[in-house]
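J.: Fold the following.
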Amino acid sequence: MRIHHLNTGTMCPIGQRLVNGTGSIFRRARMVCHCLLVETHDGLALVDTGIGLGDIADPPRLGRRWLRQTTPRLDPAETAVRQVSALGYSVDDVRHILLTHLDRDHAGGIGDFPKARIHIHRREHDMAVSGRIAAPQGRYITAQWAHGPEWALHGDDGEAWFGFKGVRALGDRNPDILMIPLPGHTSGHCGIAVRDKDKWLLHAGDAYFFHGQIEARPRTPLVLGFFQRRVDMDRATRLANQERLRALKQRHDGEVTIFNSHDAVDYENCLCADHAALRNEDGTRDNAPIVYKVRGEMR
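T.: Numbers count the residues shown, from 1 in each chain. Modelled structure (predicted):
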């Protein structure tokens with residue numbers, strides 16, 4: 001499977017050192033919305049969607065306080081749908097969207113892919129969509145799924161994956177894409193694990209915000225840590241899952257690459273690794289992969 005790393009929304013909150021951990025407190029930080037575009041046996045799959053065209057057309061729906069705090073660029077060229085098109089695909093080639101959770105900066109683009117099936121943990125759907133569980137006021141932007149997408153709901157049962165439980169979200173035809181329950185940030189929050197040749201990528205969503213949080217000696221910039229605590233639904237569970245991710249990194253760093261949704265360092269490291277993997281034996285680099293279709297199937 002070919003995997004593309006996408007930034008589908010740049011955010012520029014004030015206080016670079018207090019958010020990114022380096023730089024000046026008087027400069028703006030850089031945060032990303034790190035998504036994956038995966039070529040599967042059943043068309044394309046997106047892991048998270050970031051900010052969508054609907055959000056850019058109507059920014060107030062994202063919430064004035066959130067806009068003021070995060071200062072997103074709201075650039076249409078960064079949206080998943082525009083980047084999918086730039087890679088030579090059509091909107092309808094995206095047949096599955098796997099969401100870590102339904103916060104506004106993760107689910108904003110699902111309306112740009114109206115034919116895609118939306119995979120989510122059942123608890124997240126119960127809180128954000130069906131209302132079976134009361135959600136914190138203002139937490140979710142229901143306009144982002146007002147088009148009535150087809151939902152695929154998943155639970156906690158699954159197979160063992162490096163000490164975690166993994167659910168084959170796309171079934172046995174795509175056994176190398178797993179949803180990994182990692183609650184805490186929200187009640188139905190999940191990581192998405194994707195096999196990349198002989199290794200795994202684990203998109204950990206918002207299970208942590210800063211690359212230093214899963215190092216042997218964890219550290220978190222002041223403002224970022226405060227924001228993370230404020231938006232936790234279950235802080236104790238989130239911290240416990242962070243510890244599990246930390247142990248996974250220490251024990252299986254050569255087998256699993258872990259990254260989160262918003263850390264620019266994680267994102268750039270993944271891009272560097274991706275570019276290195278495309279280099280030829282003589283050290284030169286191929287151009288972007290040529291994408292074509294044969295009888296409607298992705299090749």
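J.: Let me see the residues that make contact with stretch 163-170.
T.: In this structure, residues lying in contact with stretch 163-170 by CB atoms under 8 Å, 6 or more residues apart in numbering are 40, 42, 45, 96, 98, 119, 152, 154-160, 174-175, 177-181, 191-193, 244, 247-248. (Glycine included, C-beta is placed from N, CA and C.)
J.: From the residues you listed, which land in strands?
T.: Using DSSP state E, the subset of the contacts of stretch 163-170 located in strands is 40, 45, 96, 98, 119, 152, 154, 159-160, 177-181, 191-193.
J.: In PyMOL, select just the buried ones from those residues.
T.: Those of the ones in strands among the contacts of stretch 163-170 that meet the burial criterion (16 or more other CB atoms under 10 Å) are gathered into one PyMOL selection, given here:
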select buried, resi 40+45+96+98+119+152+154+177+178+179+180+181+191+192+193
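J.: Next up, the contacts around Ser261.
T.: With contacts defined as CB under 8 Å, 6+ apart, Ser261 is in contact with Val32, Cys33, His34, Asp48, Thr100, Asp105, His106, His203, Ala204, Gly205, Asp206.
J.: Wait, the fourth one touches Cys33, no?
T.: Yes. Under the criterion of CB atoms under 8 Å, Asp48 lies in contact with Cys33, with a separation of 7.1 Å.
J.: Which residues are in contact with each of those two?
T.: Listed as contacting both Asp48 and Cys33 by CB under 8 Å, 6+ apart are Thr8, His106, Ser261.
J.: Out of those, list just those in strands.
T.: Cross-referencing those against strands under DSSP E gives no overlap.
J.: Report how many residues lie close to the closest residue to His41 other than its chain neighbours.
T.: Counting by CB to CB, 6 or more residues apart in numbering, the nearest residue to His41 once its immediate chain neighbours are dropped is Arg173, at 5.2 Å. Burial of Arg173 is recorded as 9 neighbouring residues (other CB atoms under 10 Å).
J.: Please consider this matter closed, and thank you.
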